[in-house]
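# One predicted model, sequence on top.
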Amino acid sequence: MFKKILIANRGEIACRVIKTARRMGIATVAVYSDADARAPFVAMADEAVHIGPSPASESYLVADKIIAACKQTGAEAVHPGYGFLSERASFVEALAAEGIAFIGPPASAIAAMGDKIESKKLAKAAGVNTVPGSPDAIDTTEEALTVSNEIGYPVMMKASAGGGGKGMRLAWNDQDVKDGFEATKREGLNSFGDDRVFIEKFILDPRHIEIQVLGDQHGNVLYLNERECSIQRRHQKVVEEAPSPFVTPEMRRKMGEQAVALSKAVGYHSAGTVELIVSGADPTGESFYFLEMNTRLQVEHPVTEAITGIDLVEQMIRVAAGEKLAMTQADIGINGWAIENRVYAEDPYRGFLPSTGRLVRLRFPEASEFGPPVPSPLAGEGGAPSGAEGEGSATPVAADAANPSPNPLPQGEGAQGYIRIDSGVAEGGEVSIFYDPMIAKLVTWAPTRDEAADLQIAALDRIELDGLGHNVDFLSALMQHPRFRSGELTTGFIAEEYPDGFTGAATMDETKRVLAAVAGVIATADADRARQISDQLDSPLPPPGDWTVRLGDTDHTVSLGEHGLLVDGAPVVLEFTYTPGDRMVDVEVFASTDADADPVASYGIRIARTRTGYRMTTHGASHDLRVLEARLAEHAGHMIEKLPPDTSKLLLCPMPGLLVKLHVGASEDVQPGQPLATVEAMKMENILRAEKAGTVASINASEGETLVVDAVILELE
């Protein structure tokens, strides 16, 4: 076994690899750029080596710097994580030339699967179902139009070396191809150094299913079930779960066997993922097609670990060291259900635009640090599977009274479950423009899918995140959505269910009454604190107990007195602890005052003071509550609202980014939907279009200029 490994990555995946290596007794080396000098993963590693400036092209993507760091520290092997150099065959070959092991697949397999055009040909030869499309790269827009019409719309334009949602564009007609083909080529060149593009048929009602494979260097390859990754935005996964609510045991077997056949055809070993597109319109489940193979660890690997009890990072390390897999296909079971939500620095209330800046406040709910949800025969100390040869079956063992699952959040009597937080940032740190905007991965496990989703909602409620825009509310809304609960998912879920953008999750009337009650209680506590400060009367008056709480367009009367807590004259029974200044309260709601009763609902409520009351956030929505003493409310009238300025004539930059292209000039007439400018942010090109007809009065920015949020690009007459 290796004594020291280097992690050629950053952020949460670097932290993730360090945790397993530490448990295995392996020393770790981190590499870092200027932007990451104070990042948590740097502090976690046993050693750290600075490798250059903040741009990845000058640090994490420079193979020579990684190899030099290995030589400097004596690292025997490199774990690449995902992204950066993880799927670059030349990097694996360069390591081998220096006698350094690569904790991943062989260079030949990476090269074969890294080219989407060639990998499709190999998959077809291995007997894997493939999507109809162009067999070779397409060079010009005219050729793209010809191929698209031959295949039939809709089609997907893809950069051959693309991944992670970059270099992909959907086209419904000729105009979409004309608008998007060249941009797809540019994204492929800028992100992957390869501008080749191919086109394939877009499957209607598509579901994105992927099969986790694991192989050793002795010819053994297994499939570790599937993951459902259909909920995506701009081809970037947002929610992943295992298993899939759509896949039957027979589908799982067929998909798994094809994934194994492809892996063996290219001599694959280590962890990898075969991605499939599945037609949700086919009730037989037979219409599944090869999409691509990711020759690395996936971002969403924790959900597979949760239902199998197998530490994939550990298995990758053991395979790289030459060990045989300690399990067979018959040993791979499915235990419970796991869901992963990706917490991103993006603002769903502003069209999911990237948000960068400092994490002024960051608090996660209590979580089990690492490991499968229940004990496993392969489990070593601390509940994480050891996977050493000869230790027996990897079949997970059900939890029981003697081996309970961690239960850090209230879930009701008899509930089981656990949460896992994989994060690479800390309070006071910064989400940079240079890298992916992920803040954390929130993983929940429970015996059933609904319980895992409920635990997600509870955990999301208890995340405190200030300083930049984030998608926590949106994730909670997804977990509550009836269509998600039914399992009727497609890759178009977000676009179909939120066509006009996200404005917050729907809120039940009962929840509004609870929020009004909480506002009345904490207003009383705050008033009590204020009345006891110095220079007040020797016998301060008791705090007021009657309040008028405005939530939306509705005024609620809240009274605290001898008859208990009343909202609009009806009793509300709550239990929570609040000290003036608290930003978070855990509230349990009861049906009666019966001391033995169980709560009927629970809420994690984030609280922020406003000039006239409180802003409360829970269950995927934020609410502004105006709170006044009841005796003053009738005389207060309504606050005069300041109308926002009219910006309808301005094209504003919606995010920090680089102005790549101006599509119009001064005095030019424009029509609704016409491209006006292209802004690149976090390696993704965003086309800004006209919302109405008009004439360009002035151009206020230049191509190549770096813009801040809301910078004026141009103005219409």
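Ah, there it is. On a predicted model such as this, the values are computed, not experimentally measured, just so you know. Numbers count the residues shown, from 1 in each chain.

# Residue 93 belongs to a helix?
Yes - counting by DSSP: H, G, I helix; E, B strand; the rest coil, residue 93 is part of a helix.

# Residue 161 contacts residue 193, doesn't it?
Yes - counting by C-beta atoms under 8 Å, residue 193 is a contact partner of residue 161 at 7.3 Å. From N, CA and C alone the C-beta is placed, and that goes for glycine too.

# Have a look at the two and say which one is more surrounded.
Between residue 161 and residue 193, counting by other C-beta atoms under 10 Å, residue 161 is the more crowded of the two (21 against 11).

# what about that one, which SS state?
Classification of residue 161 by three-state DSSP places it in strand.

# Which of the residues in the helix or strand where residue 686 lies are classified as buried?
Residue 686 belongs to strand 684-689 when assigned by DSSP states H and E. Neighbour counts over strand 684-689 (16 or more other C-beta atoms under 10 Å) mark 684-686, 688 as buried.

# ok, that strand: who's next to it in the sheet?
Strand pairing for strand 684-689, using DSSP bridges, gives strand 675-681 (antiparallel).

# Only alpha carbons, please: show the strand it pairs with as CSV.
C-alpha atoms of strand 675-681 as CSV (Å, rounded to 0.1, in the frame of the first residue of the first chain):
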residue,chain,number,x,y,z
PRO,A,675,-28.9,38.2,-29.2
LEU,A,676,-27.4,41.4,-27.9
ALA,A,677,-24.2,40.3,-26.1
THR,A,678,-22.4,37.1,-24.9
VAL,A,679,-20.9,37.1,-21.4
GLU,A,680,-18.6,34.3,-20.1
ALA,A,681,-18.8,33.4,-16.4
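
# mean confidence score for it?
Strand 675-681 comes out with an average pLDDT of 90.

# Touching that strand from outside, list them.
Residues from elsewhere that reach strand 675-681 (C-beta atoms under 8 Å, 6 or more residues apart in numbering): 179, 183, 190, 353-354, 433, 651, 653-664, 670, 685-690, 701, 707, 713-714.

# now these: which count as buried?
Burial by neighbour count, 16+ other C-beta under 10 Å: within those this picks out 179, 183, 190, 353-354, 433, 651, 653-664, 670, 685-686, 688, 690, 701, 707, 713-714.

# counting contacts, what elements does the lengthiest strand in the chain pack onto?
The longest strand of the chain (DSSP state E) is strand 221-233. Secondary-structure packing of strand 221-233 (3 or more C-beta pairs under 8 Å, 6 or more residues apart in numbering; DSSP states H and E): strand 206-215, strand 236-242, helix 249-265, helix 301-308, helix 493-497.

# all strands in the stretch 351-500 of the chain, in order from the N-terminus.
Counting by DSSP state E, counting those that start in this stretch, one finds strands in the stretch 351-500 of the chain at the ranges 353-354, 357-358, 361-363, 418-423, 430-431, 438-446, 464-466.

# Can you tell me which of the ones you listed has the worst average pLDDT?
Among the strands of the stretch 351-500 of the chain, strand 353-354 carries the lowest mean pLDDT, at a mean of 82.

# partners of that one, with directions?
Paired with strand 353-354 in the same sheet, following DSSP bridges, are strand 346-347 (antiparallel).

# what angle do the helix or strand hosting residue 111 and helix 249-265 make?
According to DSSP H and E, residue 111 maps onto helix 107-114. Compare the direction of helix 107-114 with that of helix 249-265 by axes from the mean of the first three to the mean of the last three C-alpha atoms, to 10 degrees and you get 130 degrees.

# Contacts for helix 107-114 next, please.
With contact meaning C-beta under 8 Å, 6+ apart, helix 107-114 is reached by 87-90, 92-93, 96, 104, 118-119, 122, 161, 266-269, 272, 292-295.

# Spatially nearest residue to residue 355 (excluding sequence neighbours)?
Sequence neighbours aside, residue 469 is the residue nearest to residue 355 in space, at 3.4 Å (criterion: C-beta to C-beta, 6 or more residues apart in numbering).

# can you pull the contacts of that neighbour?
Going by C-beta under 8 Å, 6+ apart, residue 469 touches 345-350, 353, 355.

# Can you lay out the helices and strands packed on strand 221-233 as JSON lines showing distance to residue 37, mean pLDDT and mean neighbour count?
Shown next, in JSON lines, are those (distance: least, C-beta to C-beta, whole Å; pLDDT from 0 to 100; neighbours: other C-beta atoms under 10 Å):
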{"stretch": "strand 206-215", "distance to residue 37": "34", "mean pLDDT": "96", "mean neighbour count": "25"}
{"stretch": "strand 236-242", "distance to residue 37": "28", "mean pLDDT": "95", "mean neighbour count": "25"}
{"stretch": "helix 249-265", "distance to residue 37": "39", "mean pLDDT": "96", "mean neighbour count": "19"}
{"stretch": "helix 301-308", "distance to residue 37": "27", "mean pLDDT": "96", "mean neighbour count": "27"}
{"stretch": "helix 493-497", "distance to residue 37": "36", "mean pLDDT": "94", "mean neighbour count": "16"}
